[in-house]
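> Fold the following, please.
(one chain, ligands or ions: 1)
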Amino acid sequence: MSETFHLAVVGATGAVGQEILRILEKRHFPVKTMRCFASSRSQGRLVTFQGQSIPVEILAPNSFKGVDIAIFSAGRKVALEYAPLAQKEGTIVVDNSSAFRKDPHIPLIIPEINAHAIKKHEGIIASPNCTTAIMLMALHPLHRHFGIKRIVAATYQAASGAGAQAMHELTLETKALLEDKSFDRSVMPHPYAFNLFLHNSPLLENGYLEEELKMLYETRKILEDETIRLTATCVRVPILRAHSIALNVEFHAPACKEQAYALLRQAQGITILENRKENYFPMPIDATGQDHVLCGRIREDLSQPNTLELWVVGDQLLKGAALNAVQIAELLIKKHDESSTAQH
Ligand SMILES: NC(=O)c1ccc[n+]([C@@H]2O[C@H](COP(=O)([O-])OP(=O)(O)OC[C@H]3O[C@@H](n4cnc5c(N)ncnc54)[C@H](OP(=O)(O)O)[C@@H]3O)[C@@H](O)[C@H]2O)c1
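Residues are numbered from 1 along each chain as shown. Modelled structure (predicted):
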């Protein structure tokens with residue numbers, strides 16, 4: 001492939017944005033030009049891409065002229081305002097926020113699972129919620145084989161899921177506590193160091209947190225199965241990076257652990273990591289910086305048939321956000337190459 005593309009990263013100074021730049025470089029994405037956008041808070045900042053210092057530009061309505069692909073990682077509000085403006089300029093947007101995920105006309109893609117959905121895009125493509133992406137990497141091979149009936153999930157989510165400032169705050173708060181100093185929080189709602197609390201997303205009337213329902217709606221959309229049932233409890237734990245998920249999954253067909261291990265060993269983007277003799281199963285420090293989602297401790301649930309227990313850990317800044325978004329952009333250029341070849 002010789003063609004190169006004009007790219008933009010919106011939210012380039014953030015936790016996900018910084019990873020996007022690193023991954024584009026690592027995967028040799030064919031970039032002709034790179035523009036990096038953030039808010040006015042980042043006026044005068046430089047970010048690094050391919051060894052070059054790139055000045056951060058303040059996002060404005062006319063920012064997308066001449067941009068082929070823009071990867072957005074600047075939250076829902078920014079996406080709702082600016083993605084349609086980019087789309088009007090002919091830019092294809094890959095968005096990491098929740099702004100468009102539930103829209104039936106906008107594909108929500110995990111490339112290993114539903115790459116085919118890219119065919120239907122009209123200029124905006126959504127990348128899923130981080131916890132959902134990590135969970136489905138482990139579940140989709142099992143769904144294809146046994147058919148998922150119901151998922152019960154408990155999550156242990158890291159600070160980085162709430163952005164760069166949350167990571168910084170956890171570090172400062174931990175240090176302050178160890179030095180017996182007082183600490184004023186500005187990002188997280190509750191004491192975080194040496195503590196945990198239910199996920200800091202809005203609590204809905206039915207008692208669920210928004211994060212928990214994202215897991216349900218996005219699972220159904222990505223697996224293209226509206227019959228799947230899911231209930232989740234999402235928790236923030238004082239870990240800097242990588243989410244862990246305990247899953248109890250009931251299947252339609254008889255499911256055994258041997259087959260589940262075999263399916264996951266063959267699956268793309270998943271690594272089985274365990275040493276039962278040492279009681280060693282995936283930990284956030286194992287998953288940090290890794291593209292693969294880690295899985296281990298697959299058990300048959302003793303309490304009911306056709307049900308497996310799994311422990312899944314993944315770097316949510318990577319497969320849960322930046323890597324997945326870059327993989328979607330790679331699908332776009334593959335599609336572009338295929339249609340160019342067909343025309344010649
Ligand atoms: N963190 C994760 O694990 C994860 C996973 C999946 C999806 N996501 C989604 O990815 C997005 C970014 O998350 P993050 O964790 O990277 O957050 P973050 O570290 O707080 O970064 C947010 C980025 O958005 C920029 N931004 C904020 N307001 C803006 C505005 N009005 N105009 C232009 N840029 C603006 C920020 O720029 P300044 O530096 O100038 O403030 C920064 O670059 C969110 O939508 C989040 O839901 C995150």
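
> only C-alpha atoms for contact and neighbour calcs from this point on.
OK.

> can you list the residues of this protein near the ligand?
With Cα under 6 Å from any ligand atom as the criterion, the chain meets the ligand at residues 11-17, 38-42, 59, 73-76, 78, 96-97, 129-130, 160-164, 316-317, 320-321.

> What subset of the residues you listed is buried?
Burial by neighbour count, 16 or more other Cα atoms under 10 Å: within these this picks out 11-17, 38-39, 42, 59, 73-74, 76, 78, 96-97, 129-130, 160-164, 316-317, 320-321.

> How far away from the center of its chain is stretch 327-343?
Offset of stretch 327-343 from its chain centre (Cα atoms, centre = their mean, to the nearest Å): 23 Å.

> Can you give the contact residues for it?
By Cα atoms under 8 Å, 6 or more residues apart in numbering, the residues outside stretch 327-343 that reach it are 1, 29, 69, 94, 109-111, 115, 118, 127.

> In strands only, show me the residues you listed.
69, 94 (DSSP state E).

> between the contacts of stretch 327-343, which is nearest residue 307?
When these are ranked by distance to residue 307 (Cα to Cα), residue 110 comes first, at 24.6 Å.

> Next, the contact list for that closest one, please.
Applying Cα under 8 Å, 6+ apart, the residues near residue 110 are 127-128, 133, 222, 324, 328.

> any chance of the residues you listed in a markdown table, with neighbour count and distance to residue 271 too?
As requested, the contacts of residue 110 are exported to a markdown table (neighbours: other Cα atoms under 10 Å; distance: Cα to Cα, whole Å):
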| residue | neighbour count | distance to residue 271 |
| --- | --- | --- |
| 127 | 30 | 22 |
| 128 | 29 | 21 |
| 133 | 25 | 15 |
| 222 | 22 | 21 |
| 324 | 26 | 17 |
| 328 | 25 | 21 |
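
> would TSV of those residues with pLDDT be doable?
Putting the contacts of residue 110 into TSV (pLDDT from 0 to 100) gives the following:
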residue	pLDDT
127	98
128	98
133	98
222	98
324	98
328	98
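
> Going by distance to residue 192, which of those residues wins?
residue 133 (24.5 Å).

> Give me the three-state assignment for the closest one.
helix (DSSP: H, G, I helix; E, B strand; the rest coil).

> Now stretch 205-214: buried residues?
Buried-residue list, stretch 205-214, by 16+ other Cα under 10 Å: 208-209, 211-214.

> Can you flag which of the residues you listed belong to helices?
Judged by DSSP state H, helices contain the following of the buried residues of stretch 205-214: 211-214.

> can you list these in CSV and add pLDDT?
Shown next, in CSV, are those (pLDDT from 0 to 100):
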residue, pLDDT
211, 97
212, 98
213, 98
214, 98
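
> Out of the residues you listed, flag the one nearest to residue 298.
Nearest member of those to residue 298, counting by Cα to Cα, is residue 212, at 22.7 Å.

> Which residue, other than its chain neighbours, is closest to that closest one?
residue 232 (5.4 Å; Cα to Cα, 6 or more residues apart in numbering).

> Please settle this for me: is the one you found part of a helix?
No: per three-state DSSP, residue 232 lies outside any helix segment and is strand.

> which strand residues sit across from it in the sheet?
Going by DSSP bridges, residue 232 is paired in beta bridges with residue 153.

> can you dump the C-alpha coordinates of the helix or strand harbouring residue 248 into CSV?
Per DSSP states H and E: residue 248 is located in strand 243-251. Extracted as CSV, the C-alpha positions of strand 243-251 are listed here (Å, rounded to 0.1, in the frame of the first residue of the first chain):
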residue,chain,number,x,y,z
HIS,A,243,-9.5,-3.2,34.1
SER,A,244,-10.3,-6.6,35.6
ILE,A,245,-13.6,-8.4,35.2
ALA,A,246,-15.1,-11.4,36.9
LEU,A,247,-17.6,-13.0,34.5
ASN,A,248,-20.3,-15.7,35.1
VAL,A,249,-21.8,-16.6,31.7
GLU,A,250,-24.7,-18.9,31.1
PHE,A,251,-24.8,-20.5,27.6
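
> what's it packed up against?
helix 130-146, strand 148-157, strand 307-314 (3 or more Cα pairs under 8 Å, 6 or more residues apart in numbering; DSSP states H and E).

> how about the helices in the stretch 151-300 of the chain?
With DSSP state H, counting those that start in this stretch as the criterion, the stretch 151-300 of the chain has helices at 164-178, 210-223, 257-266, 284-287.
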